[in-house]
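# Pasting the sequence and the predicted model now:
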Amino acid sequence: MAGKDKEAIVICLDVSSSMNQAPPGYATPLESSLDVITLILQRKVFAESKDEVCLILFGTAGTANHLADDGQYEYITEARPMAPVNLDLIKYVKQEITPGPASADCVDVLVIALDCLHNTLQAGKFTTSRIILFTNLGGAFSDDKLDQVIGGIKSLGTDVNLIGPSLDDDDDEDGAQNGSDEAGPSTSSGHRGRQPHQKEKTPQQRAGGKLMKHILDEVGGEHYGVQEVLPLLSFFDKKAVRQTPWKINLEIGSELKIPVCGYLKVKESTVKSWKSIYIKGKGKEYKPQTIRSKHLNNDEETEVEKEDHVEGFRYGNDIIPISEEDKKNMGYQNPGKVLQVLGFSKQENIKRQHYMGNSVYCFAADPNDRHGGVALSALINALYETNSVIIVRRAYSKASSPRIGFLSPHIKAKYESLMYTELPFMEDIRQYTFSSLTKSKKHQPTDAQLSAVDNLIDNMDLTNAMENEDGEKEEEALKPKVTCNPLIQRLCHCLMHRALNPDDPLPDIQEVIANYLQPPQALATECEPYAQKVKDLFKLEVVKKKEEQVGDSLWKDSDTNQTGPAAKKAKVEDGGDAADFSMAGLAKGAVTEVGTVDPVGDFKKIISQKDEDKFQEASRQMQDRINQLVRDSFGSSFYNKALECLKVLRQESAQLGEPEQFNTFLRKLKEELQQNFKKGFWQEIVKAGVTLISSGESSETTVTKDEAKQFLEAAEDKEEDQPPPQAEEDADDLLDMME
């Protein structure tokens with residue numbers, strides 16, 4: 001119940017000998033009824049319900065009720081008076097109720113229950129009342145008080161629920177309702193997996209069924225089987241709170257204000273904090289408190305009084321003190337309670353990934369303002385027809401920071417409203433740049449792979465995964481309205497088990513909760529061949545981990561100009577993608593430019609930054625460094641370094657889908673080398689086979705493999721056609737010519 005609504009409940013439990021009969025391996029009707037009662041009481045405890053419960057047992061060995069007189073209302077015991085549910089009542093139900101030897105009249109039980117409710121409702125603190133009757137209808141009864149019972153139920157407006165066998169005469173239908181072969185949900189009662197025994201009804205049960213059916217039909221009561229009730233009660237409810245509307249004016253400009261009421265539609269459910277609670281025992285209540293104190297770092301550990309505390313912020317080597325008054329003046333001055341329209345936008349402009357917040361508000365018209373309701377209805381319908389939304393600024397109170405969000409129209413048959421969802425500010429958005437999977441031909445999915453994933457997604461659709469009464473798949477599975485949070489359910493289950501069984505280990509997870517952690521069985525079976533198809537088409541390969549750098553390799557100089565064995569150079573270069581833990585790398589800080597000391601490392605670090613795409617700028621800087629190294633090289637001293645830069649630039653350009661920029665640079669470099677008499681470096685390029693990026697390596701270029709091959713061959717042919725240089729004449733040849 002929510003808010004001030006309170007319900008008075010009388011639970012009537014049949015404990016006669018007929019309720020304690022079942023073959024070995026089956027749960028008796030009494031055990032199944034105790035399971036249901038326990039779940040009802042547990043839900044009341046965790047929901048912090050104000051409802052009060054009275055427990056009446058009939059079929060007991062003795063008689064203890066306020067109407068017992070001269071042999072009437074015998075074998076009926078008022079076990080617990082009307083009171084809020086507590087742990088003692090749950091322990092009594094689970095541990096102290098035993099089968100009785102006698103049989104009592106169920107009509108007499110209803111009379112006592114009604115008299116108890118009549119006395120309770122006179123206080124005026126309850127809004128509703130209910131009688132829950134647990135029996136297998138195996139005891140004797142009389143119908144002389146039947147009209148009195150029906151009249152009393154109607155006059156009090158009491159709801160009546162019967163939990164027991166079917167009231168129909170057809171035993172087959174009874175078996176269909178209560179004799180399912182499926183094991184019921186596990187409970188903390190110790191009867192896990194034990195089914196209620198179903199047997200043919202006795203003549204007494206058939207007569208009792210007709211009597212109860214007549215009563216329920218007259219008063220509008222309900223009948224449930226045990227196996228129907230257990231799954232519904234296996235989930236714990238959180239405390240229900242009556243919503244208080246957030247009344248505010250929707251401000252459109254400075255002149256138009258529409259009164260609206262905001263209600264929480266969706267809110268993230270959190271586990272209740274168990275840190276600060278009242279401890280009740282022996283008539284005393286304690287509230288845990290945390291006391292903090294600060295002391296100087298001296299021998300006496302002198303305590304610093306609270307009024308001497310001043311917050312400070314480090315600014316360089318200095319600490320700047322900030323007083324509470326300074327903090328107040330520095331803070332943002334909140335506008336107060338407001339819901340202000342900033343503008344309108346089309347629905348498609350609001351991206352789903354921009355939805356923020358942990359709640360959704362539903363804004364409806366103020367019921368006390370008829371003209372405001374007409375204006376709001378016109379606004380909602382206009383938004384719906386134009387597929388638009390309202391961008392608003394919202395602040396809950398003067399102490400709240402303003403938020404930005406949007407209002408979208410929500411029209412149902414019974415009401416119209418605006419749904420508020422929070423949007424991010426610029427600082428809340430994170431832009432990540434990832435390389436495209438489609439630009440590289442190596443990573444492009446095939447038609448068979450795309451088809452397999454499409455089929456898997458289509459068959460895992462939950463919107464039409466459940467069958468309705470006609471056997472057609474038209475119902476949604478795992479609806480949020482009926483799907484409980486398994487974390488909260490598991491926590492409540494363990495807490496109740498620990499309270500009732502302090503020395504026992506925690507129980508296994510309940511089957512009904514475990515089912516929430518798995519897809520629906522029917523859906524999983526249908527999707528199995530499609531999942532296997534995806535598994536076959538997308539092969540997984542084991543990637544070898546890179547060897548971790550240890551010892552002196554962490555502190556090696558990152559200067560690649562130093563000559564050394566090829567193995568050592570390769571080892572340093574292989575670690576280029578990893579973090580640079582060398583002293584030079586730690587001192588360098590963030591890399592923003594491709595330098596001449598370690599151009600390859602600088603280039604890789606710049607393009608690996610995910611905050612924005614810097615490949616174009618890094619590629620241009622890398623080209624400049626290659627030209628500089630070739631131009632400043634004394635002989636061929638820098639050729640190896642420039643060639644390595646060229647190889648890395650080509651490799652990254654092909655992988656990131658930027659081949660045209662590299663191809664243009666390589667063509668230009670070829671011409672410049674011919675003109676600047678740097679043919680030696682071009683010969684190194686030809687020997688290394690560094691040519692244009694072809695369409696086989698990247699789909700973003702039109703250069704074919706033959707054209708890339710001819711690009712290097714044409715240069716070789718041109719060099720071979722040149723005549724060999726003539727030998728210089730020495731001094732002896734000159735003298736011979738003079739003679």
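On my side now, so go ahead. Residues are numbered from 1 along each chain as shown.
# Does Asp143 belong to a helix, a strand or coil?
Secondary structure for Asp143, judged by DSSP: H, G, I helix; E, B strand; the rest coil, is coil.
# Do a quick rundown of the helices in the stretch 1-150 of the chain.
Ranges of helices in the stretch 1-150 of the chain, per DSSP state H, counting those that start in this stretch, are 29-46, 87-95, 106-121, 146-156.
# Who are the contact partners of Ala688?
Contacts of Ala688 were listed using C-beta atoms under 8 Å, 6 or more residues apart in numbering, and they are 643, 647. In short, each C-beta sits where N, CA and C put it, glycine included.
# Quick check: it vs Gly635, distance?
Ala688 sits 18 Å away from Gly635, going by C-beta to C-beta, to the nearest Å.
# for Gln243, same thing?
From Gln243 to Gly635 the distance is 84 Å (C-beta to C-beta).
# And the helices in the stretch 251-400 of the chain, which stretches?
For the stretch 251-400 of the chain, applying DSSP H, counting those that start in this stretch gives helices covering 324-330, 370-386.
# if you compare the ones you listed, which one is most tucked away?
helix 370-386 (a mean of 15; mean count of other C-beta atoms under 10 Å).
# Using CSV, write down the CA coordinates of that one.
Written as CSV, here are the backbone C-alpha positions of helix 370-386 (Å, rounded to 0.1, in the frame of the first residue of the first chain):
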residue,chain,number,x,y,z
ARG,A,370,-9.1,23.7,-16.7
HIS,A,371,-7.8,26.4,-19.1
GLY,A,372,-4.3,25.3,-18.5
GLY,A,373,-5.3,21.7,-19.3
VAL,A,374,-6.7,22.9,-22.7
ALA,A,375,-3.5,24.8,-23.5
LEU,A,376,-1.3,21.9,-22.6
SER,A,377,-3.4,19.5,-24.7
ALA,A,378,-3.1,21.8,-27.7
LEU,A,379,0.7,21.9,-27.2
ILE,A,380,1.0,18.1,-26.9
ASN,A,381,-1.0,17.5,-30.0
ALA,A,382,0.9,20.1,-32.0
LEU,A,383,4.2,18.5,-31.0
TYR,A,384,2.9,15.0,-32.0
GLU,A,385,1.7,16.2,-35.4
THR,A,386,4.9,18.0,-36.2
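# For Gln243 and Gly635, indicate the residue with more neighbours.
Gln243 (13 against 7; other C-beta atoms under 10 Å).
# didn't that one look like it was pressed against Cys261?
No. If you go by C-beta atoms under 8 Å, Gln243 and Cys261 don't touch, sitting 9.8 Å apart.
# Skip the chain neighbours and tell me the closest residue to the residue most central in space within the chain.
Geometric centre of the chain, nearest residue: Glu268, 9.4 Å, by C-alpha atoms, centre = their mean. Closest residue to Glu268 apart from its sequence neighbours, by C-beta to C-beta, 6 or more residues apart in numbering: Asn358 at 4.0 Å.
# same check, this time on Lys533
In space, and not counting its chain neighbours, Lys533 is closest to Ala452: 4.6 Å by C-beta to C-beta, 6+ apart.
# Contacts only, for that neighbour.
Counted by C-beta under 8 Å, 6+ apart, Ala452 has contacts 530, 533-534, 537.
# in a helix, that's where it is, yeah?
Yes. Assessed with three-state DSSP, Ala452 lies in a helix.
# now it: how far from Lys442?
Using C-beta to C-beta, we find Ala452 at a distance of 19 Å from Lys442.
# The stretch 301-450 of the chain: strands as residue ranges?
303-304, 311-315, 318-322, 338-346, 356-365, 388-395, 403-411, 416-423 (DSSP state E, counting those that start in this stretch).
# ugh, wrong one, the stretch 501-650 of the chain
Per DSSP E, counting those that start in this stretch, the stretch 501-650 of the chain carries no strands over any range.
# For it, give me the ranges with low pLDDT.
Along the stretch 501-650 of the chain, segments meeting pLDDT under 70 span 546-590, 610-612.
# try the stretch 151-300 of the chain
Across the stretch 151-300 of the chain, the ranges flagged by pLDDT under 70 are 169-198, 238-241, 273-288.
# Ile40: neighbour count?
Neighbour tally, Ile40, other C-beta under 10 Å: 19.
# Quick check: it touching Leu233?
Yes. With contact defined as C-beta under 8 Å, Ile40 reaches Leu233; the gap is 6.2 Å.
# What distance do you get for the residue nearest to Ala207 when sequence neighbours are not counted to Leu114?
Distances taken as C-beta to C-beta, 6+ apart place Phe141 nearest to Ala207, at 7.8 Å, with adjacent residues excluded. According to C-beta to C-beta, Phe141 stands 16 Å off from Leu114.
# just Lys442 next, same as before
Distance from Lys442 to Leu114, counting by C-beta to C-beta: 80 Å.
# Next: Gly139.
Distance of Gly139 to Leu114, computed by C-beta to C-beta: 19 Å.
# where along the stretch 51-200 of the chain do the strands fall?
Counting by DSSP E, counting those that start in this stretch, the strands of the stretch 51-200 of the chain are 52-58, 76-84, 128-134, 159-163.
# Tell me what angle the shortest one forms with helix 106-121.
Pointing back at strand 159-163 there. 140 degrees (axes from the mean of the first three to the mean of the last three C-alpha atoms, to 10 degrees).
# Could you do the third one as well?
In this structure, strand 128-134 runs at an angle of 150 degrees to helix 106-121, with the same axes, to 10 degrees as the basis.
# buried stuff in strand 128-134?
128-134 (16 or more other C-beta atoms under 10 Å).
# again with the second one
For strand 76-84, a neighbour-count test (16+ other C-beta under 10 Å) marks 76-80, 82 as buried.
# on contacts alone, who are the packing partners of that strand?
Using 3 or more C-beta pairs under 8 Å, 6 or more residues apart in numbering; DSSP states H and E, the elements in contact with strand 76-84 are strand 52-58, helix 87-95, helix 106-121.
# what separates stretch 60-71 from the chain centre, distance-wise?
How far stretch 60-71 lies from its chain's middle: 55 Å, per C-alpha atoms, centre = their mean, to the nearest Å.
# Convert the C-alpha atoms of that stretch to CSV, please.
What follows is stretch 60-71, C-alpha atoms only, in CSV (Å, rounded to 0.1, in the frame of the first residue of the first chain):
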residue,chain,number,x,y,z
THR,A,60,-6.4,-27.1,16.5
ALA,A,61,-6.5,-29.3,19.6
GLY,A,62,-7.8,-26.5,21.8
THR,A,63,-10.2,-23.5,21.5
ALA,A,64,-9.1,-19.9,22.0
ASN,A,65,-11.3,-17.3,20.4
HIS,A,66,-13.4,-14.4,21.7
LEU,A,67,-16.7,-16.0,20.4
ALA,A,68,-16.3,-19.5,21.9
ASP,A,69,-19.3,-20.2,24.2
ASP,A,70,-21.3,-23.3,25.0
GLY,A,71,-19.6,-25.6,22.5
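# And the contacts of it?
If you take C-beta under 8 Å, 6+ apart as the criterion, stretch 60-71 is touched by 15, 56, 73-78, 100-102, 104, 111-112, 115.
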